[in-house]
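Chemist: Okay, predicted coordinates and the sequence, questions at the end:
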Amino acid sequence: MSDHAWLEHAAPYALGALDENERASFEAHLATCDVCTAEVRELRNVAGLLATAAPNVGPPPRLRERILADARSVRPISTAPTDASPVTTSPAREPREHRGASRSTSGRGALAPWLAAAAAVALAAYFGQQYRGERHERLAAQHALAAARVAIDSTTTAVARRDSIIASLTAPDVQTVTVSGSGPSPSARYFLDRRAGRIVIAANSLPPAASGRTYQLWGIQTGRPPVSLGTFNTDSSGRALTTLAIPAGLRIAVTAVTDEPSGGSAQPTTTPFLAATWKSE
Amino acid sequence: MRLVEPRSNLFAAKVALHVSEEMSTHPAEVPSRDAALVAQVADGDERALGALYDRCGGMAFSLAFAIVGEHADAEEVVADAFAQIWRSASGFDPARGSVVAWLGTIVRTRALDLVRSRKRRARVLEEAAVVTDAGETLVLAPSAESPDRGTEVTEASALVRKSLAELPPPQRRVIELAYFGGLSQSEISALLSEPLGTVKTRMRAGMEKLRQALRPVLEAGA
């Protein structure tokens, strides 16, 4: 693929709309291409401006203070005094604790004023530290939780995908066809689940499509033009295991794979291979 | 959010943000001021964080709300986003894009994460979709400004909205589904029952038109 062809990926990339495999290959390309990097930078700014197109909704006034309070609570990560020097903490950051501490110590009247003041500062520092520590822990926990949620989500997605593949492989009325390519190497096993409307292709010894190319699976109903069932690619070991949806109403008689430009074509543009014929339902 | 009358049309052209009084009237300085603010934030300057919020908080909240659809969730998203900015402002690289784009990305990512984590993306999209007079379903409602609210809409966001509105609806739709809905091209293709190639073409064409239409703002913020 020429650099110019790669540029087509810049707009969807800037919008975060590339599919995972495309994104990975485009990012690999970006690392070596100044032209695409510049294009992405500009289109990111275009996409960034879309943020300002959201209908105006005013944030609640408390949000500003909350953000600043959260910021104060995590400041000690970089500039926090250590336990050895708590009094360097700026009293301005915890006026409430300071006032509270002053009241509680001065009420006793037994301490010299300077001692009361020192105690107040120490208490303020202590409670300030505690306060910030708790806030910080809470914030850290929230972030860990958010990260865990994302991880669980992606795991759930992966498991769901695997489940769907397993279901397609094991459903009672699944039809299976194994085909070999014309040459010595590529082969594929198809699992067609007409009822669930999906097909699994397990390809072997099929070299990954060239840069900027992809494999596309077609479903052909007798007497009609081929219908795209989606694109896939093999990994470096020449294998792919992909589930693709079958458009409703398509009565597949033949499936076949072609090599197409990245993103797929509306109709096959190269010679089909790994063709399988299917008996009717 | 505090609102201040835009000082000049030029500045207004930069961002849909609060315009602070000390800002220069030279538009080219706006982005560098944004970047300078972020640099101060990276140094742990709390006031700079406040100033950044004053400038970008309204945009951030509106964006979060457009994606998550609930005030409380939008508030969480924006608070988290600014906490992230506070922790990692040093990661901002002006060479990779504007502050607005960077902040928008952080807010959008967090908002989409939240929506996805609750498995309600489809529902939110459905609720957010409106049918225009032309019978086209769009993700975002046509922006209806409420002048009585003293809105901080500046010329930049007005231009972005106008440019979006002027796109052919099919192009606008795929862009909005991608940006505000977090959908990939394949997902959009499936959702709209349109060929993937069509979705790709529309997205590219729409983004190209937006780039041309937004050239003045982009150049001011380059």
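Modeler: Ah, there it is.
Chemist: distance of the residue in chain A that chain B sits nearest to from A:E260?
Modeler: With Cβ to the nearest Cβ, the shortest gap between chain A and chain B falls at A:G48, namely 2.5 Å. C-beta: built from backbone N, CA, C; applies to glycine. Note on A:G48: its distance to A:E260, by Cβ to Cβ, to the nearest Å, is 32 Å.
Chemist: pLDDT below threshold where in chain A?
Modeler: By pLDDT under 70, the low-scoring segments of chain A are A:1-3, A:75-140, A:143-144, A:146-158, A:160-161, A:164-165, A:168, A:181-184, A:281.
Chemist: Go again with 50.
Modeler: A:76-111, A:114 (pLDDT under 50).
Chemist: any idea how it splits into domains?
Modeler: With domains defined by automatic domain parsing, chain A comprises A:3-52, A:69-146, A:175-277.
Chemist: ok, the last one near chain B or not?
Modeler: Yes. Residues of domain A:175-277 are located near chain B by Cβ under 8 Å from any Cβ of the partner chain, namely A:228, A:230-231, A:245, A:263-266.
Chemist: Among those, which one sits closest to A:R239?
Modeler: Taking Cβ to Cβ as the measure, A:R239 sits nearest to A:T231 out of those, at 16.0 Å.
Chemist: In the sheet, which strands lie alongside the helix or strand where that closest one lies, parallel or antiparallel?
Modeler: Here A:T231 sits within strand A:227-232, counting by DSSP states H and E. Applying DSSP bridges, strand A:227-232 is found paired with strand A:213-220 (antiparallel).
Chemist: Not counting its own residues, what contacts the strand it pairs with?
Modeler: Outside strand A:213-220, the residues that touch it by Cβ atoms under 8 Å, 6 or more residues apart in numbering or on different chains are A:1, A:199, A:201, A:203, A:206, A:209, A:226-234, A:240, A:244, A:246-247, A:250, A:252-265, A:268, A:272.
Chemist: Flag every buried residue along stretch A:34-45.
Modeler: For stretch A:34-45, a neighbour-count test (16 or more other Cβ atoms under 10 Å in any protein chain shown) marks A:36-37, A:39-45 as buried.
Chemist: Show the residue spans covered by the strands in the chain.
Modeler: In the absence of a named chain, this looks at chain A. Along chain A, the stretches classed as strands by DSSP state E are A:175-180, A:187-193, A:198-204, A:213-220, A:227-232, A:240-245, A:254-261, A:273-277.
Chemist: I was thinking of chain B, sorry if that wasn't clear
Modeler: Under DSSP E, chain B gives strands at B:130-131, B:137-138.
Chemist: among those, which gets the worst mean confidence?
Modeler: Comparing mean pLDDT across the strands of chain B, the weakest is strand B:130-131, with a mean of 44.
Chemist: re the thing from before, need the max-distance pair from the buried residues of stretch A:34-45.
Modeler: Using Cβ to Cβ, those span at most 15.1 Å, a distance reached by A:C36 and A:N45.
Chemist: what's around A:Q267, how many residues?
Modeler: Residue crowding around A:Q267 was assessed by other Cβ atoms under 10 Å in any protein chain shown; the count is 12.
Chemist: residues in contact with it?
Modeler: Applying Cβ under 8 Å, 6+ apart to A:Q267 gives the contacts A:225-226.
Chemist: Now do it against B:A35, distance only.
Modeler: Counting by Cβ to Cβ, the gap between A:Q267 and B:A35 amounts to 48 Å.
Chemist: same thing with A:A38?
Modeler: According to Cβ to Cβ, A:A38 stands 18 Å off from B:A35.
Chemist: Go ahead and confirm A:L50 touches B:G104.
Modeler: Yes. Taking Cβ atoms under 8 Å as the definition, A:L50 is a contact partner of B:G104 at 7.5 Å.
Chemist: quick one: is stretch B:35-46 near chain A?
Modeler: Yes. Counting by Cβ under 8 Å from any Cβ, chain A is contacted by stretch B:35-46 at B:44, B:46.
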